[in-house]
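[1] give me the fold of what follows.
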Amino acid sequence: MTTLSRTGRRFRATLIRQVATEHEAHEERVRPHIRAFAVVLVTAALLPFVPDEISFFSVSFSAAFLVFVCLALAHHTCSRRTYVVDTPALWLFGFLVLLAISPFTASANDVPFAAWLRGVVPFVFLGTYLLARPGMAVVEVRLLVNTLHLASILWASKVLVQAYLTFISGAVAIVERLTYLTMDLTLPFSLVGLVLSLFNPDPRFSRWRALLTSFFLVIIIASGYRSQALISVLILTVYLAGLPSRYKLALIVGALVFSGGVILTLAKLDLLEAYTARFSETSASSESSRLMEIGYAFDQFAQSPVIGRGLGFPIPVEITFGDDRDFIKQWVDVASVGYIQASVGYIHDLPAYLLMDLGALGLICYFGFMLAGLRSFPTIGRRISRDPQEALRLCPWLIVASILLFVMVEASFRLIQTNLIFSSCVAMLGALRRVTDPRSNLQPEN
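    Residues are numbered from 1 along each chain as shown. The predicted structure follows:
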């Protein structure tokens, strides 16, 4: 009897080891289409903020994206497991249906096809969620987090090179902030880089945490975006809350020293007055361009509250840019149509834009998709510094939350790169929620 008992225990232990080995082998396998998606994210970071010309980077991105789509479709078609449709996917399906309806509403409101196409293309890239999310494993989440970190570093390096080349060319007479030299700063990679520099648990990046964090903070400060500066403070506060008490004082002292260095540098370059004036400006006036945009959007929304006026619906440039004629001449191509008649297809407020162009249904579906990804709130506190898994989950959560705050006052939501970041991070959140949420009883995915 004792011999049988021992034999049973040995058999059970062997079986457990075998199952664990098979599970580990499955977890360590990164599927080809996820590797291709990682390449897509890197090539997207090297694209200009509006890829309207054929270049090496645009061709590379297009080729990488085509390979990703083909590999993903082949994987899901050949897989014997059921494609699981989760809650974010349902909201995204609804949003994509509205995009399919949008050309008819746009045409009914005299929106040119080119303007509609420019508005719809970036949002289509949210659909990459449907190809990347099913069956995503933790090891694939780690790969995508590291890829976004690398992409942010490459983007920042590209931005600095562009700014330097523009500066030495003398094309811009007055340079009060980095956005005068390159418009690629409208992309949210600086916030992505800051979040990942602080929270990415991979030791290959975390060993450079202080250097990378300072690097992205300098870019955020130099860009002059008030919204990004305020969001950065919130991100740093979350990081501070996760530190042990003995390190908090050191971080606060380091932040004060860093701030003092920035102030002295701005003063040395005679930029301190212009920089502080930008942050002291108020938008309380009814003449504020942002309030004018919102008012205009709500006027259009009132005329078509359910499905909106169609993507690409025009907004006069004097509303969008607050009658800043110098900026309009430099950055807006009014061509032969003249100043008063010129228009753009965006405003600097995501909810108002969605209400105007896609109606209440568009707003509900879009934020339904985002909030479904954010519904699993990560632990904020000392557990972050002790639990790499929790730190990993916080990375995509903070990225989505930070960029959502940013696009409340900027038009980055109309960029391909922003929507790729959103789709990848919501996919990662869904994969990690399925692993870490004890209430999750989903069946195995493909």
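
[2] any idea how many residues pack against Thr179?
    17 (other C-beta atoms under 10 Å). Every residue, glycine included, has its C-beta placed from N, CA and C.

[3] quick one: residues contacting it.
    185-186, 223-225 (C-beta atoms under 8 Å, 6 or more residues apart in numbering).

[4] excluding its backbone neighbours, what's nearest Leu46?
    Phe57 (4.7 Å; C-beta to C-beta, 6 or more residues apart in numbering).

[5] enumerate every residue touching that neighbour.
    Neighbours of Phe57 in contact, by C-beta under 8 Å, 6+ apart: 43, 46-48, 51.

[6] dump these into a markdown table; add neighbour count as well.
    As requested, the contacts of Phe57 are exported to a markdown table (neighbours: other C-beta atoms under 10 Å):
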| residue | neighbour count |
| --- | --- |
| Thr43 | 20 |
| Leu46 | 20 |
| Leu47 | 22 |
| Pro48 | 18 |
| Pro51 | 18 |
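
[7] of these, which belong to strands?
    If you go by DSSP state E, the contacts of Phe57 have nothing in strands.

[8] could you identify the most distant pair in those residues?
    Thr43 and Pro48 (12.1 Å; C-beta to C-beta).

[9] and the contacts of stretch 349-361?
    94, 98-99, 102, 119, 290, 293-294, 296-298, 300-301, 304-313, 346-347, 362-363, 366-367, 404, 407-409, 411, 413-414.

[10] state the mean pLDDT of it.
    Mean per-residue pLDDT for stretch 349-361: 94.

[11] buried stuff in that stretch?
    349-350, 352-359, 361 (16 or more other C-beta atoms under 10 Å).

[12] could I get the full set of strands for the stretch 201-350 of the chain?
    Per DSSP state E, counting those that start in this stretch, the stretch 201-350 of the chain carries strands over the ranges 315-316, 343-344.

[13] and the first one, which strands flank it?
    If I follow you right, that is strand 315-316. Here strand 315-316 is paired, per DSSP bridges, with strand 343-344 (antiparallel).

[14] what's the burial count for Leu405?
    16.

[15] equivalent analysis for the one 3 residues further on, please.
    Residues near Met408, counting by other C-beta under 10 Å, number 15.

[16] same question, Val218
    With other C-beta under 10 Å as criterion, Val218 counts 18.

[17] do the same with Leu230
    13.

[18] tell me the contacts of it?
    Leu230 touches nothing, counting by C-beta under 8 Å, 6+ apart.

[19] what's the distance between it and Phe49?
    The gap separating Leu230 from Phe49 is 22 Å, by C-beta to C-beta, to the nearest Å.

[20] now swap in Val192 and tell me
    Distance, Val192 to Phe49, by C-beta to C-beta: 14 Å.

[21] the two: which has the busier surroundings?
    Between Val192 and Phe49, counted using other C-beta under 10 Å, Val192 has the larger neighbour count: 27 against 17.

[22] gap between the closest residue in space to the more buried one that isn't next to it in sequence and Gly310?
    The spatial neighbour of Val192 that comes closest, neighbours along the chain excluded (C-beta to C-beta, 6+ apart), is Ser152 at 4.9 Å. Separation of Ser152 from Gly310 (C-beta to C-beta): 34 Å.

[23] run a quick neighbour tally on Ala229.
    So Ala229, with other C-beta under 10 Å, has 15 neighbours.

[24] give me every residue that touches the nearest residue to it once chain neighbours are set aside.
    Counting by C-beta to C-beta, 6+ apart, the nearest residue to Ala229 once its immediate chain neighbours are dropped is Ile220, at 6.2 Å. Neighbouring residues of Ile220 by C-beta under 8 Å, 6+ apart: 190-191, 194, 228-229, 232.

[25] if you set the cut-off to 7 Å instead, what comes out?
    Ile220 makes contacts with 190, 194, 228-229, 232, as judged by C-beta atoms under 7 Å, 6 or more residues apart in numbering.

[26] show me which of the contacts of Thr179 is closest to Ala74.
    Among the contacts of Thr179, and counting by C-beta to C-beta, the member closest to Ala74 is Thr186, at 35.1 Å.

[27] hang on, the closest one packs against Ser412?
    Yes. Counting by C-beta atoms under 7 Å, Thr186 does reach Ser412; the two are 5.6 Å apart.

[28] more neighbours, the two?
    Taking Thr186 and Ser412 together and counting by other C-beta under 10 Å, Ser412 has the greater number of neighbours (23 against 19).

[29] what is the burial count for the closest residue to that one other than its chain neighbours?
    In space, not counting the residues next to it along the chain, Ser412 is nearest to Thr418; the distance is 4.8 Å by C-beta to C-beta, 6+ apart. Using other C-beta under 10 Å, Thr418 is surrounded by 26 other residues.

[30] tell me which element Thr418 falls in.
    Here Thr418 sits within helix 416-436, counting by DSSP states H and E.

[31] just the CA atoms of that helix, as CSV, please.
    Written as CSV, here are the backbone C-alpha positions of helix 416-436 (Å, rounded to 0.1, in the frame of the first residue of the first chain):
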residue,chain,number,x,y,z
ILE,A,416,-2.1,57.0,-36.9
GLN,A,417,0.6,56.5,-34.3
THR,A,418,-1.7,57.6,-31.4
ASN,A,419,-4.4,55.0,-32.4
LEU,A,420,-1.8,52.3,-32.8
ILE,A,421,-0.6,53.0,-29.2
PHE,A,422,-4.2,53.0,-28.0
SER,A,423,-5.0,49.6,-29.6
SER,A,424,-1.8,47.9,-28.5
CYS,A,425,-2.2,49.1,-24.9
VAL,A,426,-5.9,48.1,-24.6
ALA,A,427,-4.9,44.7,-26.0
MET,A,428,-2.2,44.4,-23.4
LEU,A,429,-4.6,45.4,-20.6
GLY,A,430,-7.1,42.7,-21.7
ALA,A,431,-4.4,40.0,-21.8
LEU,A,432,-3.1,41.0,-18.3
ARG,A,433,-6.5,41.3,-16.8
ARG,A,434,-7.3,37.7,-18.0
VAL,A,435,-4.1,36.5,-16.2
THR,A,436,-4.4,38.5,-13.0
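
[32] now do the buried residues in it.
    416-434, 436.

[33] looking at it, Ser223 is touching Thr182, isn't it?
    No. Counting by C-beta under 7 Å, Ser223 does not reach Thr182; the two are 9.4 Å apart.

[34] what pLDDT does Ser227 get?
    Among the per-residue scores, Ser227 holds a pLDDT of 87.

[35] gap between it and Thr213?
    In terms of C-beta to C-beta, Ser227 sits 19 Å off from Thr213.

[36] did I read that right, the residue nearest to Val192 in a helix?
    Yes. Assessed with DSSP: H, G, I helix; E, B strand; the rest coil, Ser152 lies in a helix.

[37] neighbours of it, how many?
    29.

[38] so it makes contact with Leu191?
    No. In this structure, Ser152 is not within contact of Leu191 by C-beta under 7 Å, at 8.8 Å.

[39] low-confidence regions, the stretch 201-350 of the chain specifically.
    244-251, 253-256, 258-288, 320-341 (pLDDT under 70).
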